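Trainee: Can you look at this prediction? I've put the sequence above it.
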Amino acid sequence: MKEAGKAIRRVVDGVEDAVEHVLKGEEEEHEHRHRHHGGHTSTGPVTVNVNIDCCCPPKGPSGPPQPPGTRPPHVTGTSDGTLPGGVVDPGGIIGIVSRPPDVWPGPRDHLYMRPVVGPFWESPDILIEPGIDPAHAPAIPTSLGAIAKAGMDNTLYAHVWNLGQAPCPDTLVEFYWFNPALGFDAAHANLVGATWVELRARGEANSHRLVRCPVSWRAQFVNGGHECLMVRLSQAALDPLSAPAWDASRNRHIGQRNIHVMSAAEAAAKPTLAIGVGPLFGGNAAVAVQRANTGTMPWLHLVTMDRNRTPGTGAANGDVGLTPPTPEGAPLPNLGAVPDPRGAGLIGDSHGVAGDGQQVGFHATDGNPGAGQAHVYRVTGTQNGALFGGYTVVVLGE
């Protein structure tokens, strides 16, 4: 149990160390899991995660009917109040194994559930080896913060976890890409590939693994290779996917990487970025954009490959905003040719959105943040006051 706590602490301190730790001595072992194996049994609850609400129990009841315009709910259990102060130590929850799988020892918001902090769409557990197909890709990506190369082979990886009380055999790992968006559904999903992995019980060796997608991802050139990535985990008998099936904000089986990283030169050459809003389930939504301090984005440690160093925050010397919503696929204005897009009424800090199939255009006019600096912008979507999605744009200085 003590070693499990240490392992999770390493993830809290830096995802780079966690990836290296999980693969030490087992670079080739995971490759045989590209096919399904039967005949396994288990005697306890299993929980599989991709950096989303780690330590959650299996799904609970579906809850009461939701009014129109409300996103699908996800109920994950109750508290018996035995630890009213909560669990704040990363390893504290590991030793608690005696209660039912849908009951927590304290309120969920008091429990230590996430190995890495930050917005849920900035998962550090989804990694890329750009320009190389899976057959020739290394066991560990050479650069943990790499982005895909458009029109070329790219290899995807996922750092996956089992924090349940029993082994999780034959765990399905699915890799998807989407065009840039805040919310997702099956109609917009593009399957890259899938494979199988066996995860041991929490506290044991191999309770978390780095899994390599066996199928190459050829990123689409239309978006410069900056599509959104999603990984889903499930075990059909012990811990099925559950609903909502495409919502990383509510479903612990889903990890999401909605991060657009580009150089200052690339940002200047592509001044408008289309971002879909996603399904609204008959309701309305609000989208907004704001600058963020680089210190609020732990994912940037992957870019520097140093858990103690992230790029500094570049000076805000321009503007940032979103175009009003238009139907997906509609042409966006060339805001790079407009001296003052805000003054011309073409961008704003936020907009209301009604109906599905809508998009907004992201635009920023800040200059080159400079070497060792970066601009970070977060586009967010909320519905009924709840955050349902986000997309982060990072401009690295030169």
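Mentor: That came through fine.
Trainee: Every contact and neighbour count from this point should use C-alpha atoms.
Mentor: OK.
Trainee: in the stretch 201-350 of the chain, what spans have low per-residue confidence?
Mentor: Along the stretch 201-350 of the chain, segments meeting pLDDT under 70 span 224.
Trainee: And the strands in it?
Mentor: 208-212, 217-218, 228-234, 254-257, 259-263, 273-276, 284-292, 312-313, 320-322, 326-327, 350-354 (DSSP state E, counting those that start in this stretch).
Trainee: and the most centrally placed residue in the chain, what does it touch?
Mentor: The residue lying closest to the centre of the chain (C-alpha atoms, centre = their mean) is Gln256, at 2.3 Å. Neighbour list for Gln256: Phe120, Trp121, Glu122, Ser123, Ile126, Cys228, Leu229, Met230, Val231, Ala248 [criterion: C-alpha atoms under 8 Å, 6 or more residues apart in numbering].
Trainee: hmm, back to that, which one of the strands of the stretch 201-350 of the chain lies nearest to Gly131?
Mentor: strand 217-218 (8.9 Å; C-alpha to C-alpha).
Trainee: Residues touching the closest one, excluding its own?
Mentor: By C-alpha under 8 Å, 6+ apart, strand 217-218 touches Asp133, Lys149, Ala150, Gly151, Met152, Asp153, Asn154, Thr155, Leu156, Val192.
Trainee: Report the secondary structure element holding the second one.
Mentor: What that stands for is Lys149. Assigned by DSSP states H and E, Lys149 falls within no helix or strand.
Trainee: pretty sure it is in contact with Gly225, am I right?
Mentor: Yes: taking C-alpha atoms under 8 Å as the definition, Lys149 is a contact partner of Gly225 at 5.7 Å.
Trainee: Between those two, which contacts overlap?
Mentor: By C-alpha under 8 Å, 6+ apart, the residues touching both Lys149 and Gly225 are Ala219.
Trainee: List only buried entries from the contacts of strand 217-218.
Mentor: Buried members of those, scored by 16 or more other C-alpha atoms under 10 Å, are Asp133, Lys149, Ala150, Met152, Asp153, Asn154, Thr155, Leu156, Val192.
Trainee: Tell me the one of the residues you listed nearest Ala330?
Mentor: Distances from Ala330 to the buried ones among the contacts of strand 217-218, taken by C-alpha to C-alpha, are shortest for Ala150, at 22.1 Å.
Trainee: For that closest one, which non-adjacent residue is closest in space?
Mentor: Excluding its sequence neighbours, the residue lying closest to Ala150 (C-alpha to C-alpha, 6 or more residues apart in numbering) is Gly225, at 4.4 Å.
Trainee: what about that neighbour, how many neighbours?
Mentor: Applying other C-alpha atoms under 10 Å, we find 19 residues neighbouring Gly225.
Trainee: One more: the one 4 residues further on?
Mentor: Counted with other C-alpha under 10 Å, the neighbours of Leu229 add up to 24.
Trainee: my read: Pro311 touches Asn293, true?
Mentor: No: taking contacts as C-alpha under 8 Å, Pro311 lies outside contact range of Asn293: 9.9 Å.
Trainee: Looking at these two, which is more packed in?
Mentor: The neighbour comparison of Pro311 against Asn293 (other C-alpha under 10 Å) goes to Pro311, with 21 against 14.
Trainee: Grab the nearest non-local neighbour of that one.
Mentor: In space, Pro311 is closest to Gln373, 4.8 Å off (C-alpha to C-alpha, 6+ apart).
Trainee: what's across from that neighbour in the sheet?
Mentor: Gly312 (DSSP bridges).
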